[in-house]
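K.L.:
just the structure for this:
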Amino acid sequence: MEKCRGTILKSLSGFYSVETESRRFECRACGRFRKTGEKPVVGDHVVFRIEGDTGYIEELLPRKNVLVRPPVANIDQLLIVVSVCSPVPSTLVIDKLIAAAEHQKIEPAVAVSKIDLEDGSRIYETYRNAGFACFAVSSETGKGVESLRPFLKDKVTVFTGNTGAGKSSLLNALYPELQLVTGTVSQKLGRGRHTTRQVEL
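P.N.:
Reported below is the predicted structural model:
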């Protein structure tokens, strides 16, 4: 029975897309994970066996770090996407995310989005002056988007932030081939509609 090592690139409804040096395999987790309480997450390096067209994850290799929300492991950077206006930015949320990243030895950074709608210099300057990498971007006009590419190059980066902050729009601006679904912000509540349905590298 052939065994391989690979990295989980995508997790959806109990199936895992695992990439090796040569190809991708659709895998499921072995039953023992239910007994131990462990769960494979995107970014995990794993050992799996191949049976026919399906792989079965048998072992999780040691992680250098892991986040709970979103569930992802072995991360280099956390990019916190925060809207300048809608939804209203919360420095408390940003600070909590920064603290969570630093606790896991992940480099945090802040992307102030939707600068075509309103000036975002207050948030930008606050976190830049605190020593964090900061980016001011507009997915609508493309302003500032290219400045992110050197930061992202050759790194595993997680995009996070409040619903409606513009994560999917920013990813689409950077990588149009993704064609991620984007949502609108409720005028009554000032909240975004959830558009992220899976975790993927």
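K.L.:
mean confidence for stretch 156-172?
P.N.:
For stretch 156-172, mean pLDDT rounds to 86.
K.L.:
what's the spacing between residue 178 and residue 12?
P.N.:
Note on residue 178: its distance to residue 12, by CB to CB, to the nearest Å, is 15 Å. In short, each C-beta sits where N, CA and C put it, glycine included.
K.L.:
tell me the secondary structure at the residue nearest the centre of the chain.
P.N.:
Geometric centre of the chain, nearest residue: residue 158, 3.0 Å, by CA atoms, centre = their mean. What DSSP: H, G, I helix; E, B strand; the rest coil gives for residue 158 is strand.
K.L.:
now swap in residue 81 and tell me
P.N.:
Quick answer, by three-state DSSP: residue 81 is strand.
K.L.:
who's in contact with it?
P.N.:
Residues in contact with residue 81, defined by CB atoms under 8 Å, 6 or more residues apart in numbering, are 111, 113, 159, 160, 161, 165, 166, 167, 170.
K.L.:
the last one and residue 145 touch, don't they?
P.N.:
Yes: under the criterion of CB atoms under 8 Å, residue 170 makes contact with residue 145 at 7.2 Å.
K.L.:
name the residues contacting each of these two.
P.N.:
Here residue 170 and residue 145 have 137, 139 as joint contacts, going by CB under 8 Å, 6+ apart.
K.L.:
who's more crowded, those two?
P.N.:
Shown here are residue 170 and residue 145; by other CB atoms under 10 Å, residue 170 has more neighbours (26 against 17).
K.L.:
ok but residue 6 is inside a strand, no?
P.N.:
Yes: assignment of residue 6 by three-state DSSP places it within a strand.
K.L.:
how close does it sit to residue 129?
P.N.:
Distance from residue 6 to residue 129, by CB to CB: 42 Å.
K.L.:
out of those two, which sits in the more crowded spot?
P.N.:
residue 6 (23 against 9).
K.L.:
please report how far the more buried one lies from residue 23.
P.N.:
On the measure of CB to CB, residue 6 and residue 23 end up 9 Å apart.
K.L.:
which SS class is the closest residue to residue 85 other than its chain neighbours?
P.N.:
Nearest non-adjacent residue to residue 85, counting by CB to CB, 6 or more residues apart in numbering: residue 118, 4.4 Å away. Three-state call for residue 118 (three-state DSSP): coil.
K.L.:
burial of residue 118, as a residue count?
P.N.:
12.
K.L.:
next one, pLDDT for it please.
P.N.:
So, for residue 118, pLDDT stands at 83.
K.L.:
isn't it right up against residue 84?
P.N.:
Yes: Residue 118 lies in contact with residue 84 (CB under 8 Å); the separation is 4.5 Å.
K.L.:
any idea how far the residue nearest to the centre of the chain lies from residue 100?
P.N.:
From residue 158 to residue 100 the distance is 11 Å (CB to CB).
K.L.:
find residues that contact each of these two.
P.N.:
In contact with both residue 158 and residue 100: 67, 78, using CB under 8 Å, 6+ apart.
K.L.:
and the chain, what are its domains?
P.N.:
3-60, 75-193 (automatic domain parsing).
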